[in-house]
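Enquirer: just coords:
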């Protein structure tokens, strides 16, 4: 096949073999393009016009030139419990090098069974894949670091969940898919050399400015903590609830990854939970900052042997970084809230003022997005978020063959700070919204 702009490398496979398995995607019966991200394709240096008519590539039936597909191994704490995981339904085709030298993973999500499927079918349904496409694009245009979606294709095969659904594959683009859980996997099942190889690779790829520092592993923890502090602050400031903050869903790049049971709040309620399986509210909106600290503590534990030979000293140094993460988060969040409320001159009393205002919003069940916009205005307050009822409306229409509703929603989400009476309105009903992970 023609090159079409593909420029794939495979530095991840230079790691020890324990970190991946070579695995080809499962061929789809009748691939059909549902949506293609022209802007992202151009940014990646791909031939948009040629590739948007090639669903066979994005279904894994035909591999791009130089692709070397693998499934990545990792572990993670899921709802607090350690589990061996891995890419159970995802295939990494390689790392696309853009015309300006940036490196992005190109991954097919829903491309069939792998050695890490743990009894699953390795498939994905159309609804969850379109949800990830919609929400990740909304996050991108809101200025929140995120993986993005290049394409969604129908496979022509059914997927059995609670009912029979249409199968689909999403092409996910990420700075990398290295997770906190990847380090947990190395620390639990690998040698010290394996752990060191992973850490060196992650540093070289994401934090090259610390590569030659004598204390680079501690600095690596610091860098990851800083990016997570800014990321989660941005989640909180926009009312985003991730829904499944397991350690395998925390990317060391600082991008939001895995859009399963996620959603944005309508009425402000710090106890908001959308996930159908989060029975005890572990990943509620109000808990996201502290869960971030919990996850980063698991990363620190994995890195202890590299940070210092003296474990007690390594623990002391790491604990200081986790403490600083919380301080950084509070600082980013407070500055962001000042912007949302139009507070020009910072004062020590601002935190109490903001807390009082939020408590009032919670008691009155005020709409989180519109209240700030209506009362304070300003460039930092979005008008348009992917409202849950609008997302469901788009997904329902798409599952019935009408993609225009989704396309119109995506157009609106490209300009979140533009006034829009149509897309800014909260739902008429206050019925509790519930989401599902789609696996």
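Expert: Everything's here; your move. All of these numbers come straight from a predicted model, not from anything done at the bench.

Enquirer: all strands of this structure, in order?
Expert: 8-9, 20-22, 32-36, 70-72, 75-78, 81-84, 90-97, 103-109, 124-125, 148-160, 164-174, 240-241, 263-264 (DSSP state E).

Enquirer: what sits up against the fifth one?
Expert: Which is strand 75-78. 82-85, 179-182, 184-185, 188-189, 246-249, 295, 298 (CB atoms under 8 Å, 6 or more residues apart in numbering). To be clear about C-beta, it is placed using only N, CA and C from the backbone, and glycine gets the same treatment.

Enquirer: can you tell me how far the most centrally placed residue in the chain is from residue 182?
Expert: In the chain, the centroid-proximal residue (CA atoms, centre = their mean) is residue 257; its distance is 1.5 Å. According to CB to CB, to the nearest Å, residue 257 and residue 182 sit 12 Å apart.

Enquirer: in the stretch 251-400 of the chain, where is pLDDT below threshold?
Expert: 378-380 (pLDDT under 70).

Enquirer: let me see the ranges of the helices in it.
Expert: 288-307, 311-341, 350-364, 368-376, 388-399 (DSSP state H, counting those that start in this stretch).

Enquirer: can you tell which of those helices is closest to residue 382?
Expert: When the helices of the stretch 251-400 of the chain are compared by CB to CB, helix 368-376 sits nearest residue 382, at 6.3 Å.

Enquirer: number of nearby residues for residue 348?
Expert: Residue 348: 6 surrounding residues under other CB atoms under 10 Å.

Enquirer: next one: residue 205
Expert: Around residue 205 there are 17 residues (other CB under 10 Å).

Enquirer: which residues does it contact?
Expert: 11, 103, 176, 178.

Enquirer: select only the buried ones of these in ChimeraX?
Expert: Here is the ChimeraX command that selects the buried residues among the contacts of residue 205 (16 or more other CB atoms under 10 Å):
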select :176,178
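
Enquirer: residue 113 - nearest residue in space that isn't next to it in sequence?
Expert: Distance criterion CB to CB, 6 or more residues apart in numbering; nearest residue to residue 113, sequence neighbours excluded, is residue 122 at 3.7 Å.

Enquirer: next up, the contacts around that neighbour.
Expert: 26, 88, 89, 110, 111, 112, 113, 114.

Enquirer: what is the nearest of these to residue 65?
Expert: Distances from residue 65 to the contacts of residue 122, taken by CB to CB, are shortest for residue 111, at 18.1 Å.

Enquirer: the residue nearest to residue 240 when sequence neighbours are not counted and residue 159, how far apart?
Expert: Once flanking residues are discounted, residue 240 sits nearest to residue 264: 5.5 Å by CB to CB, 6+ apart. The gap separating residue 264 from residue 159 is 26 Å, by CB to CB.

Enquirer: got a list of what the residue nearest to residue 240 touches?
Expert: 238, 239, 240, 241, 369, 385, 386, 387, 388 are the contacts of residue 264 under CB under 8 Å, 6+ apart.

Enquirer: residue 155: which of those is nearest?
Expert: Distance to residue 155 across those (CB to CB) is lowest for residue 386, with 24.9 Å.

Enquirer: that closest one reaches residue 133, doesn't it?
Expert: No. The pair residue 386 / residue 133 is not scored as a contact, 10.7 Å apart, by CB atoms under 8 Å.

Enquirer: what about the closest residue to residue 435 other than its chain neighbours, neighbour count?
Expert: In space, residue 435 comes closest to residue 261 once its chain neighbours are excluded; the distance is 3.9 Å by CB to CB, 6+ apart. Neighbour count for residue 261, taken as other CB under 10 Å: 23.

Enquirer: and for residue 50?
Expert: Neighbours around residue 50, by other CB under 10 Å: 15.

Enquirer: and the closest residue to it other than its chain neighbours, what is it in contact with?
Expert: Excluding the flanking residues, the one nearest residue 50 by CB to CB, 6+ apart is residue 4, at 4.7 Å. Residues near residue 4 by CB under 8 Å, 6+ apart: 46, 47, 50, 51, 54, 64.
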